[in-house]
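> Sequence and predicted structure, then a few things I'm wondering about:
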Amino acid sequence: MKVVSLAISARKGTRKKCVNELRLIREHGAEGDAHAGPWHRQVSFLASESIAKARDGGLHVDFGDFAENIATEGVDWKNIPVGTKLKVGDSALVEVTQIGKECHKKCAIYYQAGDCIMPREGIFARVLEGGCVKCGDPIAFA
């Protein structure tokens, strides 16, 4: 299980821009990201396999296009229970708080990409311990 992409955005409901590293801040989220703050969805995760499946289905999408902060390889997010703690990189610790989400309206991502898989296949977490995360970093159950 590892990190394959990192991304942030200044506004909610938009595609995120890929970055080389991400600083996770305790009880806040990803530094510089619109979703960070004192709530339960501070950081979002999506499997790179889900992005590849969307691409294989004809969507022109890449990392960050579904507004995920961290894209991963080898993690079946839909089957990881709420409350699970994961170590990301050398020092960050997150707790899964929500699997999927309800979209009340179609966001910019849906209209730009033709679909949004985040509500079905993404997960959300809060940051218990901060740290710097880079592509290639391992993800492990804590």
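Right, received. Where do you want to start? Treat the numbers as computed from the prediction; the structure is a model and nothing was measured.
> Buried residues, the longest helix that the chain contains. List them.
Using DSSP state H, we find that the single longest helix of the chain is helix 48-56. With burial defined by 16 or more other C-beta atoms under 10 Å, the residues of helix 48-56 counted as buried are S48, E49, S50, I51, A54. For glycine as for every other residue, the C-beta is placed from the backbone atoms N, C-alpha and C.
> and the next element down the chain from the lowest-mean-pLDDT helix or strand in the chain?
The least trusted helix or strand in the chain, going by mean pLDDT, DSSP states H and E, turns out to be helix 108-113, with a mean of 61. Secondary structure here is assigned by DSSP states H and E; on that basis, the next helix or strand after helix 108-113 toward the C-terminus is helix 118-121.
> now could you export just the CA positions of that following helix as PDB?
Taking C-alpha atoms only, helix 118-121 is exported to PDB below (Å, rounded to 0.1, in the frame of the first residue of the first chain):
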ATOM      1  CA  MET A 118     -15.500  10.200  -5.200                       C
ATOM      2  CA  PRO A 119     -19.000   9.800  -3.700                       C
ATOM      3  CA  ARG A 120     -19.000   6.000  -4.400                       C
ATOM      4  CA  GLU A 121     -15.300   5.100  -4.000                       C
END
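> I'd say V75 and F141 touch.
No: with the criterion set as C-beta atoms under 8 Å, V75 and F141 do not qualify as a contacting pair; they are 10.2 Å apart.
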